[in-house]
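Peer 1: Sequence plus predicted model, see below.
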Amino acid sequence: MEDLIVIGGGLAGSEAAWQAAQSGLNVSLFEMRPKTATGAHESADLAELVCSNSLGSNLPDRASGLLKNELRRLGSMLLECAEASALPAGAALAVDRGLFARLVTQKIESHPRIQLIRQEATEIPDSPTIIASGPLTSARMSASIAALNGEEHLYFFDAISPIVSAETINMEIAFRASRYEKGDLDEGDYINCPFDRAQYKTFVDELRAAPRIELRSFEQVIQNGVTAGAHTFFEGCLPVEVIAERGEKSLAFGPMRPIGLDDPRTGRRAHAVVQLRQDNLAGDMYNLVGFQTNLKFAEQKRVFRLIPGLEQAEFLRYGQMHRNTFIAAPKILRPTLQHKTRDDLFFAGQITGVEGYMGNIATGLLAGQNAVRVLQKREPLILPPTSMLGALCHYVTHADMRDFQPMKANFGILPALENSARISKRDRARMYAERALHDLENYLTAYV
Ligand SMILES: Cc1cc2nc3c(=O)[nH]c(=O)nc-3n(C[C@H](O)[C@H](O)[C@H](O)COP(=O)(O)OP(=O)(O)OC[C@H]3O[C@@H](n4cnc5c(N)ncnc54)[C@H](O)[C@@H]3O)c2cc1C
């Protein structure tokens, strides 16, 4: 009989199982592949990287490099496998994905205290468990998680907004301003495209009628044998066409609200406004704020060119939706990665709302080590929020639910340094990294 069940043999689940087994627990690791496919993974190996083969920067003063240094300190097995399968990639850690996955699989399969069970887990066990079933969690497990937490606390899709080239925006029509801004025009951080009533109506009609991209099989949500399709969106991230379907005025009260955005040239408020926000440092790319969409690319070009000022816009990236199952961690999880209602139930990996390969490995490591501590009746670890892993866990468990979105390692989630206003960005990054490793070391010395 196992001490701990881990569901999902991906990045987080493999690391979690290894950590727990190394500390003496008997672990049953459920991986549904190859019997049940996710639609994105191609092999039967554990820890398969589904897309890029880069695990990000190795530089100590980059967020991803710092996270790697923390994982080295904490003894990550997957990071060791990544280093053993590294390819030349400058300052980044890129791996031979096949070799990396095989190394992890061999480590897990040969561990005397891990039993790898090639089967889909469909229910959440009553015994100690880590759920690490990833962004493509199977439909039945998704249904069990929804039943535990409430339907409204499980999201299935993420969406990104289109980006246009700044020089193709007609600034004779569009104007610069921030909401409620008073004063100098050029100070405005946003480019605003104003609609009159008739333009708005035409736009909403076209948006509602425009063809959408059909979701690929792995992006469909099958619940009890019924394809529910893209109907479970995160409220804060609804596609514009879905908002438009809710009523003709919905967009004008939502992402296109004109309040606080008087056109400085006329002094009047438009009927509705689309805002564009700078997307790159050079300032030549702007994204359409709140305009997540699943329209076909040609339709995005046609319909979004109806936006006044964007008649000739060049689209540098089209909006897209992709499957990403994640829980409302701020409502459901503690920074120890324990479920708020059950000390012996943990979540790890992308399903917690942490994004990026390294972040997923890291949360697996923490969940594995904390499961051990809970079973040994010791206090689980809450890593310092000044460390990158501590900050990620803090962020996903404390973020404002109104705009909770998956988050990857970055210096912006760390508490600010004192008196750092005049310090260069590079020096600040170095100081963040030094503080993180210092605080982590002190914490581990005190508690582990
Ligand atoms: C198409 C796609 C492309 C991506 N590209 C990138 C990228 O380039 N860079 C990046 O950093 N991140 C990328 N991601 C996010 C990426 O998935 C994560 O970074 C990482 O793989 C997540 O780790 P994880 O352990 O949470 O999930 P996974 O690595 O997906 O592992 C979850 C495992 O659980 C298994 N499983 C699911 N349900 C069950 C069940 N009920 N019972 C048993 N087993 C189950 C799955 O088969 C899978 O092996 C991508 C995601 C997708 C979907």
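Peer 2: Noted; the coordinates are in hand. Residues are numbered from 1 along each chain as shown.
Peer 1: okay, and the helix or strand of the chain with the least pLDDT?
Peer 2: strand 226-227 (a mean of 34; mean pLDDT, DSSP states H and E).
Peer 1: The stretch 201-350 of the chain against the ligand: which residues are in contact?
Peer 2: Taking C-beta under 6 Å from any ligand atom as the contact definition, the stretch 201-350 of the chain meets the ligand at 349-350. C-beta: built from backbone N, CA, C; applies to glycine.
Peer 1: How many residues are close by the residue of the stretch 201-350 of the chain found nearest the ligand?
Peer 2: Of all residues in the stretch 201-350 of the chain, the one sitting closest to the ligand is Gly349 (2.4 Å; C-beta to the nearest ligand atom). When neighbours are counted by other C-beta atoms under 10 Å, Gly349 registers 33.
Peer 1: In three-state terms, label the residue lying closest to it once chain neighbours are set aside for me.
Peer 2: Spatial nearest neighbour of Gly349, excluding adjacent residues (C-beta to C-beta, 6 or more residues apart in numbering): Ala12 at 2.9 Å. Three-state call for Ala12 (DSSP: H, G, I helix; E, B strand; the rest coil): helix.
Peer 1: Counting neighbours, what do you get for the residue nearest to Val204 when sequence neighbours are not counted?
Peer 2: Spatial nearest neighbour of Val204, chain neighbours left out: Ala244 (5.2 Å); criterion: C-beta to C-beta, 6+ apart. Ala244: 23 surrounding residues under other C-beta under 10 Å.
Peer 1: what pLDDT, on average, does the helix or strand containing Ala244 get?
Peer 2: The secondary structure element spanning Ala244 is helix 240-245 (assigned by DSSP states H and E). Across helix 240-245, the average pLDDT comes to 93.
Peer 1: packing partners for that helix?
Peer 2: Helix 240-245 is packed against helix 197-209, helix 250-253, with contacts defined by 3 or more C-beta pairs under 8 Å, 6 or more residues apart in numbering; DSSP states H and E.
Peer 1: Tell me the buried residues in the longest one?
Peer 2: What that stands for is helix 197-209. Neighbour-count burial for helix 197-209, counted by 16 or more other C-beta atoms under 10 Å, picks out 199-200, 203-204, 206-207.
Peer 1: nearest spatial neighbour of the one residue in the chain that gets nearest to the ligand, skipping sequence neighbours?
Peer 2: At 1.7 Å from the ligand, Gly10 is the closest residue in the chain, using C-beta to the nearest ligand atom. Ranked by C-beta to C-beta, 6+ apart and with sequence neighbours excluded, the top spatial neighbour of Gly10 is Gly134, at 4.8 Å.
Peer 1: Run a quick neighbour tally on Val289.
Peer 2: The burial count for Val289: 16, using other C-beta under 10 Å.
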